[in-house]
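> Need the 3D shape of this:
(2 chains)
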Protein chains: 2
Amino acid sequence: MHLAEAVLSGNRLALARLLTQVENGTPEGVAALDFLFPFTGKAHLIGITGAPGTGKSSLVNQLARAFRHLKNGASERRVAVVAVDPSSPFTGGALLGDRVRMRDLAGDAGVFIRSMASRGALGGLARATASVVQVLDAAGYDVIMVETVGVGQSEVDIARLAYTTLVVEAPGLGDDIQASKAGILEIADILVVNKADQAGADNTERSLRAMLEMAYPSKGYRGHHGVRSGEEAAADMSQMPAWVPPVMRTVALDASGIEELAQAILQHGEYLRATGEWQRREYVRLKNELDDLLRAALMARWQSGVRDDDYRSVLEQLCARQISPYQAVARLLEFGIQAGGANDKL
Amino acid sequence: MHLAEAVLSGNRLALARLLTQVENGTPEGVAALDFLFPFTGKAHLIGITGAPGTGKSSLVNQLARAFRHLKNGASERRVAVVAVDPSSPFTGGALLGDRVRMRDLAGDAGVFIRSMASRGALGGLARATASVVQVLDAAGYDVIMVETVGVGQSEVDIARLAYTTLVVEAPGLGDDIQASKAGILEIADILVVNKADQAGADNTERSLRAMLEMAYPSKGYRGHHGVRSGEEAAADMSQMPAWVPPVMRTVALDASGIEELAQAILQHGEYLRATGEWQRREYVRLKNELDDLLRAALMARWQSGVRDDDYRSVLEQLCARQISPYQAVARLLEFGIQAGGANDKL
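Residues are numbered from 1 along each chain as shown, chains lettered A, B, ... in the order given. Below is the predicted model of the structure:
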């Protein structure tokens, strides 16, 4: 518990070390998660996704700065960034991005940055990200941004970790709104047109609004609610039937639109709290994590009760097409039952 | 077994109906898979992936035509296309694409097209796609192309179904090679620069070659092997230590480069067979499918042995942060053991 206690007391080196343990799923990492879990649940988790080339990383850096400047009453916000990059043997993108960011936000003790690469299976990555976010939450970071590269289902899965999800678009990435084809727009709480100073930004914004109008036909799409003070917004929102995702323009390079975007994110957090949606999202998130861990644990328990030779012999019959995949599973489950006595002791 | 037998005898309507059963995971669908599985293993499964906007669908249509024209000795090839589109409430993309294709290739009884949308979880989609491909394989389609939209981990998972994987790029989709950032290049057997008549195609090709040179430094990247006859290629390849992915240029709209691409795909199939890599990929594919089905079956068996109230009470303790996710799993596993006697009868 040494590392976990050091994390609670604000030790950054201990935090970095513990995150490595947690990512690698070591027994010490799991024990630390058990110890830290009661301290979680305070952070505003924000997911940021979008196609490569939309400038997400710069946007996240700017948002980190903005959240540092926007005071929360008298106290400041501590900000963590988790950048989830599928690994590539070609670029080593995760590490490079990490170093660039580190330089950018260096020296601010209220900001912590962590990159994660998808070396294993997808399930493994989403699980590891959930654990990393929990440690950061317990460590007292008020805002945790999880940035993912890509526009596929894996990004949707990772976005499920968040209370507020941003989908980032940019002009000049082809004819299509990249996210719409991949079905990712439906998870957006806020849509961002980044690189809004470039040619085609108006078209990108128009396409997004047109799609939103199709999605919210009964209410009539009203666009951005406008930025209000916390109290005004909270009062307003208790009567608001549903959040309609605003489309916001930013230029990450010169920070224009960034403070407004940060305000809108905080406003969405207030909306979630005022309507009870915050708790609902937290419930769904924890249930997903529980089921995911349970599936992995059931597989591990089953494996420990079955001999490798038995598994291999079924797999060979499958490859020889003597049995079908479903028949193979039925045989494997029988092994598990025969070994039930041994299993019970695990 | 009525539908499955009709599928073996070449009935297209029965095939379409059975695919629906299989996608929905009905008992009749599972029984049909068991019946048909011994007839699988002949088809050349080809995965095609790439970012939205690269023109993959047109490319796949053209490839379907090319495979129809390229005779296999005296006999023709039957071709199936499975288009896997994550569903979107905004566009209904899967169905629309389907109709466009249908018009395009209509009237050729040697071509079968199926669209699938990702309505459920990712695991579910990969599993359903594997089953759909097995039915088409048993139905006698020699070439089965699985096209996925997006550049994320889900696409990598679906590409694992294939013997030959194409990654499609196009000029004008932003500054980056879209697939490289998402780590998808490492799964490519053949790289395609589509829309090669557009400005920037040379740059796209150069970037791909530069990345390949980083990936194959020891061998020296030699690029495309050139198109040879089947026998020449087979003789050559038995001495070839490793396949180096060629970069090929196509213009799907006027079919240029398409026949060369189809030849390269067939050549890759010959390379796989000559080197034993075909069998290795098949083994990995079937093992992945088996483990995936096993995980789902273990979860289903566990669930049937546990009372809803017990599960809910653990989830509530988790949401109240009285126990951690790992502690919650440990409790849930205990329920499974207590209910072990009942479980054994399942």
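> surely residue A:292 meets residue A:126?
Yes - under the criterion of C-beta atoms under 8 Å, residue A:292 makes contact with residue A:126 at 7.2 Å. Every C-beta, even on glycine, is put in place using the N, C-alpha and C of the backbone.
> And the two? Which one has more around it.
Using other C-beta atoms under 10 Å in any protein chain shown, the more surrounded residue of residue A:292 and residue A:126 is residue A:126, with 23 against 18.
> Where does that one fall, secondary structure wise?
Assigned by DSSP states H and E, residue A:126 falls within helix A:122-138.
> What strands flank the very next helix or strand once past that helix, and is each parallel or antiparallel?
Downstream of helix A:122-138, the next assigned helix or strand under DSSP H and E is strand A:143-148. If you go by DSSP bridges, strand A:143-148 pairs up with strand A:44-50 (parallel), strand A:79-85 (parallel).
> For the helix or strand just after the first one, could you pull out the residues that count as buried?
Spelled out, it's strand A:44-50. Under the assignment DSSP H and E, the closest C-terminal helix or strand after strand A:44-50 is helix A:56-69. By 16 or more other C-beta atoms under 10 Å in any protein chain shown, the buried positions in helix A:56-69 come out as A:56-68.
> With respect to residue B:296, which of these is nearest?
Of all these, residue B:296 sits closest to residue A:56, with 33.5 Å by C-beta to C-beta.
> Was I right to think residue A:128 contacts residue A:21?
No - in this structure, residue A:128 is not within contact of residue A:21 by C-beta under 8 Å, at 11.2 Å.
> Tell me which stretches of the stretch 101-250 of chain A form helices.
A:122-138, A:153-159, A:178-181, A:201-215, A:230-238 (DSSP state H, counting those that start in this stretch).
> List the buried residues in the helix holding residue A:126.
Within helix A:122-138, the residues that qualify as buried are A:122-123, A:125-138, counting by 16+ other C-beta under 10 Å.
> residues contacting the residue lying closest to residue A:258 once chain neighbours are set aside?
Nearest residue to residue A:258, sequence neighbours excluded (C-beta to C-beta, 6 or more residues apart in numbering or on different chains): residue A:62, at 4.5 Å. Applying C-beta atoms under 8 Å, 6 or more residues apart in numbering or on different chains, we find residue A:62 in contact with A:250, A:252, A:255, A:258.
> which one of those residues is nearest chain B?
Nearest to chain B among the contacts of residue A:62: residue A:252, at 14.2 Å, using C-beta to the nearest C-beta.
> Give me the pLDDT for that closest one.
Note on residue A:252: pLDDT of 91.
> how would you label residue A:25: helix, strand or coil?
Three-state assignment for residue A:25 (DSSP: H, G, I helix; E, B strand; the rest coil): coil.
> Pretty sure it sits against residue A:128.
Yes - here residue A:25 lies in contact with residue A:128, judged by C-beta under 8 Å, at a distance of 7.5 Å.
> For residue A:26, give its distance to residue A:33.
According to C-beta to C-beta, to the nearest Å, residue A:26 stands 11 Å off from residue A:33.
> These two: which has the busier surroundings?
A count of neighbours by other C-beta under 10 Å puts residue A:33 above the other of residue A:26 and residue A:33, at 24 against 13.
> who are the neighbours in contact with residue A:67?
A:77, A:79, A:142, A:143, A:262.
> Just confirm yes or no for the lengthiest helix in chain A near chain B.
Longest among the helix segments of chain A by residue count, using DSSP state H, is helix A:277-304. Yes - on the criterion C-beta under 8 Å from any C-beta of the partner chain, helix A:277-304 is in touch with chain B at A:282-283, A:286-287, A:289-291, A:293-295, A:297-299, A:301-302.
> Please compute how far whichever helix or strand comes after that helix lies from its chain's middle.
Using DSSP H and E, the helix or strand that follows helix A:277-304 in sequence is helix A:308-319. Distance of helix A:308-319 from the chain centroid (C-alpha atoms, centre = their mean, to the nearest Å) equals 38 Å.
> so helix A:308-319 versus helix B:277-304, what angle?
Counting by axes from the mean of the first three to the mean of the last three C-alpha atoms, to 10 degrees, helix A:308-319 points 110 degrees away from the direction of helix B:277-304.
> Which secondary structure elements does helix A:308-319 sit against?
For helix A:308-319, the elements it packs on are helix A:325-338, helix B:277-304, judged by 3 or more C-beta pairs under 8 Å, 6 or more residues apart in numbering or on different chains; DSSP states H and E.
> now those as JSON lines including distance to residue B:192 and mean pLDDT?
Formatted as JSON lines, those follow (distance: least, C-beta to C-beta, whole Å; pLDDT from 0 to 100):
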{"stretch": "helix A:325-338", "distance to residue B:192": "31", "mean pLDDT": "85"}
{"stretch": "helix B:277-304", "distance to residue B:192": "20", "mean pLDDT": "91"}
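> and of those, who's closest to residue A:187?
Of all those, helix B:277-304 comes closest under C-beta to C-beta, at 24.1 Å.
> Buried residues of the closest one, list them for me.
For helix B:277-304, by 16+ other C-beta under 10 Å, it's B:278, B:281, B:285-286, B:288-298, B:301-302.
> name the element residue A:269 belongs to?
Assigned by DSSP H and E, residue A:269 belongs to helix A:258-275.
> That helix: which residues count as buried?
A:258-272, A:274-275.
> coming back round to it: widest-spaced pair of the contacts of residue A:62?
The distance between the two most remote of the contacts of residue A:62 (C-beta to C-beta) is 8.3 Å, for A:250 and A:255.
> who's more crowded, the two?
Applying other C-beta under 10 Å to residue A:250 and residue A:255 shows that residue A:250 carries more neighbours, namely 26 against 16.
> Could you list the domains of chain A?
Chain A breaks down into these domains under automatic domain parsing: A:40-273, A:306-345.
> Can you flag the weakest of those domains by average pLDDT?
Here the domains of chain A differ in mean pLDDT, and the lowest is domain A:40-273 at a mean of 78.
> contacting residues around residue A:294?
B:299, B:302, B:329, B:332, B:333.
> can you narrow those residues to ones near chain A?
Among the contacts of residue A:294, the ones lying near chain A by C-beta under 8 Å from any C-beta are B:299, B:302, B:329, B:332, B:333.
> Quick one: closest of the helices and strands packed on helix A:308-319 to residue B:84.
helix B:277-304 (15.7 Å).
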